[in-house]
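1. Based on what follows, work out the 3D shape:
(one chain, ligands or ions: 1)
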Amino acid sequence: MNTKFETITLEQSGDFATLSVSREKSLNALNAQVHTELKECLTQLKENADNLRGLIFTGAGDKAFIAGADIVEMSSMTPEQAFNFAVLGQDVSLLFEELPFPVIACVNGFALGGGCEMAMSCDFIYATETALFGQPEVKLGLIPGFGGTQRLSKLIGRNNAKELIYTGRNVKVDEAKQLGLVVKVFATKEDMLEGATKTLGKISANSPLAVSTAKSVMNEGNDLTIAEGLKVEAKHFGEIFTSYDMKEGTSAFTEKRKANFKGE
Ligand code: HXC
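-> Got it, this is the predicted structure:
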């Protein structure tokens, strides 16, 4: 695993890892280097997924998760460079979805523009009381480009998403929770990271194969009609009956003992 990254850090502790964007002076703004390093890191995590059961994605420092794409870098981009920049960030967002274990976005402070978009590509979002969300791109003469025009509607409904994207207004954590963007709110960043680790611990007591299958079926179904999605669900439901974990989980229930899952 390459750990020689300059703008991100990856720390593994047991079965879980914490990935942080680390450009604190620019409030962790996403430039091309951050995205290139995230892409390399997430590709490596995907290829070596057997070592991990969960990932926390956060931003360095106390002020920001990610204050958006780097406006200074974007200001001189050609249309072609801007297109490539959007695709690079979108590739990163898809890699979060493709990881075969859960990813929790831990948001403290600003999660604006590209920051909100990257948080939305994780499985779910935890936040602190200081978290502030928004898609302010139209205030800069831009539109969201790392998935915001697509994922926000799916998470909070089309009308809520349009109101937020057209106004570019900021959303405090209570409203973000009410909208369903945020799942749990914590008093401090430390509490949030501890809470996310506890949640990953609870998840990893379950069958890793069942969790990763549920993740991929839910993500695939997001882009399908209900009838198509149900077909995908039934196919994977049948396939999981060939697994060790399914036999172990159901036997453990009937034998009134704790299941010992292997993830296969
Ligand atoms: C580059 C940024 C930045 C950003 C903050 N900084 N956000 N640099 N890109 N998105 C830098 C500031 O320039 C400043 O650098 C330092 O971080 C600290 O920020 P301040 O503005 O001094 O802090 P504060 O007054 O507390 O204000 C915080 C803030 C503000 C409200 C978050 O920084 C802000 O409005 N940032 C931009 C938020 C935004 O519009 N994001 C969406 C971007 S568009 P110096 O050198 O002066 O200390 C986007 C598109 C995604 O994300 C899709 C792309 C394809």
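
2. mind checking how far Cys116 is from Phe65?
-> 9 Å (C-beta to C-beta, to the nearest Å). Quick note: C-beta positions are derived from backbone N, CA and C, even for glycine.

3. Name the residues of this protein found near the ligand, please.
-> The chain comes close to the ligand at residues 26-27, 29, 67-72, 85-86, 89, 110, 112-114, 136-137, 140, 142, 144-146, as judged by C-beta under 6 Å from any ligand atom.

4. Now, those residues that are in strands?
-> 110, 112 (DSSP state E).

5. Of the residues of the chain next to the ligand, keep whichever come out buried.
-> By neighbour count, with 16 or more other C-beta atoms under 10 Å, those hold 26-27, 29, 67-70, 85-86, 89, 110, 112-114, 136-137, 142, 144-146 as buried.

6. Tell me which entries of those residues lie within helices.
-> 85-86, 89, 114 (DSSP state H).

7. Format those residues as JSON lines; extra columns: distance to Met77 and pLDDT.
-> Formatted as JSON lines, these follow (distance: C-beta to C-beta, whole Å; pLDDT from 0 to 100):
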{"residue": "Phe85", "distance to Met77": "6", "pLDDT": "98"}
{"residue": "Ala86", "distance to Met77": "10", "pLDDT": "98"}
{"residue": "Gly89", "distance to Met77": "13", "pLDDT": "98"}
{"residue": "Gly114", "distance to Met77": "14", "pLDDT": "98"}
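
8. Take these and write them to TSV, including distance to Gln12.
-> Formatted as TSV, those follow (distance: C-beta to C-beta, whole Å):
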residue	distance to Gln12
Phe85	29
Ala86	30
Gly89	24
Gly114	26
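
9. what's the closest of these to Ala214?
-> Gly89 (26.1 Å; C-beta to C-beta).

10. Quick check, the closest one in contact with Gly113.
-> No. Between Gly89 and Gly113 there is no contact under C-beta atoms under 8 Å: 10.4 Å.

11. list residues touching both of the two?
-> Ala69 (C-beta atoms under 8 Å, 6 or more residues apart in numbering).

12. For Ala131, what are phi and psi?
-> Main-chain torsions, Ala131, degrees, to the nearest 10: phi -60, psi 140.

13. wait, it sits on Asn108?
-> Yes. Because the distance of 6.1 Å satisfies C-beta under 8 Å, Ala131 is recorded as touching Asn108.

14. quick one: which of these two has more around it?
-> The neighbour comparison of Ala131 against Asn108 (other C-beta atoms under 10 Å) goes to Ala131, with 29 against 26.

15. For Glu129, give its distance to the ligand.
-> 17 Å (C-beta to the nearest ligand atom, to the nearest Å).

16. How about the contacts made by that residue?
-> 173, 185-187.

17. with the residues you listed in mind, which one is nearest to the ligand?
-> Closest approach to the ligand among the contacts of Glu129 (C-beta to the nearest ligand atom): Val173, at 15.3 Å.

18. about what we covered before: find the residues that touch each one of Ala131 and Asn108.
-> Joint contacts of Ala131 and Asn108 (C-beta under 8 Å, 6+ apart) are Phe65.

19. residues touching Asn51, list them.
-> Applying C-beta under 8 Å, 6+ apart to Asn51 gives the contacts Gln12.

20. actually Tyr166, sorry about that
-> Per C-beta under 8 Å, 6+ apart, neighbours of Tyr166: Val138.

21. and it, helix, strand or coil?
-> Following DSSP: H, G, I helix; E, B strand; the rest coil, Tyr166 is assigned to helix.

22. quick one: it and Val211, what's the gap?
-> Taking C-beta to C-beta, one finds Tyr166 at 37 Å from Val211.

23. contact partners of stretch 249-264?
-> Contacts of stretch 249-264 (C-beta under 8 Å, 6+ apart): 50, 206-210, 243-245, 248.
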